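Undergrad: Have a look at this prediction, sequence included:
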Amino acid sequence: MKRGLIRVTFGFFAVLPLVVASCMVNETDDIPDFSEQLQKDLAAIDSYLASNNIAAQQDPDGFIRYVLLRHSTDGDKPTIDSCVTANYQGKLMSNGVQFDKGEGISFPLNGVIDGWKIAIPLLKEGDSATLYIPSGLAYGYYGIEPDIPSNANLIFHVGVTNVGSTYRTTNGVGSCN
């Protein structure tokens, strides 16, 4: 009896890694390659801009399209290490549905989506712009259901109201100093 129990226990632990490994199989065939998806997204954004007669600029790497709406001549320019306060509205490019909005929202720039990390440093305090963000530099393949679907290109209207160096939270409200 003791020997049978040892065999069963040994067999269980011998098979367990195979069972666990089979449960952890990652079906990456459905997840698009980042570079391929980026090219599709940029083509879709460029098509959207052309069909809506929007003349947009590009960031130096060509990943973000943006339209400067208000240009400040003397505002501070944020860096990736800055704290930024902004008013913004986020919409899906596919149908214009708003998924987020904020006024006077402060955040450390290094803690937001990659598209904002690229685009916000193109602006100065006092500037406002419309940003066209490809899905891979936003919420990517996974999106944030139900509001932001998989591979959604996004449009943000952003106004930078303050650039600081330190992010602080007081009573659950963030601010830049």
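TA: Happy to help now that I have it.

Undergrad: so what pLDDT did the nearest residue to Asp46 once chain neighbours are set aside get?
TA: The shortest distance from Asp46 to any non-neighbouring residue, by CB to CB, 6 or more residues apart in numbering, is to Arg65 (7.4 Å). C-betas here are computed from N, CA, C, even on glycine. Listed pLDDT for Arg65 reads 98.

Undergrad: can you pull the contacts of Arg65?
TA: The neighbours of Arg65, taking CB atoms under 8 Å, 6 or more residues apart in numbering as the test, are Ile45, Asp46, Leu49, Ala56, Gln57, Gln58, Leu131, Tyr132.

Undergrad: Out of these, list just those in strands.
TA: Taking DSSP state E, the ones among the contacts of Arg65 that sit in strands are Gln57, Gln58, Leu131, Tyr132.

Undergrad: which residues does the second one contact?
TA: Contacts here follow CB under 8 Å, 6+ apart; on that basis Gln58 touches Ile64, Arg65, Tyr66.

Undergrad: same thing but 6 Å
TA: Listed by CB atoms under 6 Å, 6 or more residues apart in numbering, the contact set of Gln58 reads Arg65.

Undergrad: How much space separates it from Ala119?
TA: To Ala119, Gln58 is 10 Å away according to CB to CB, to the nearest Å.

Undergrad: Also Arg65?
TA: 9 Å.

Undergrad: Quick check: which ranges of this protein have low pLDDT?
TA: 1-29 (pLDDT under 70).

Undergrad: give me phi/psi at the residue nearest the centre of it?
TA: The centroid of the chain falls nearest to Ala138 when counting by CA atoms, centre = their mean (2.5 Å). Ala138 has phi and psi values of phi -120, psi -110 when expressed as degrees, to the nearest 10.

Undergrad: these two touch, right, it and Leu154?
TA: Yes: assessed by CB atoms under 6 Å, Ala138 is found in contact with Leu154 at 4.9 Å.

Undergrad: overlap in contacts of the two?
TA: Common neighbours of Ala138 and Leu154 (CB under 6 Å, 6+ apart) do not exist.

Undergrad: secondary structure class for Gln37?
TA: Counting by DSSP: H, G, I helix; E, B strand; the rest coil, the backbone at Gln37 sits in helix.

Undergrad: show me the contacts for it.
TA: Gly136.

Undergrad: quick one: it from Ser150, how far?
TA: 10 Å.

Undergrad: now do Lys117
TA: Lys117 sits 21 Å away from Ser150, going by CB to CB.
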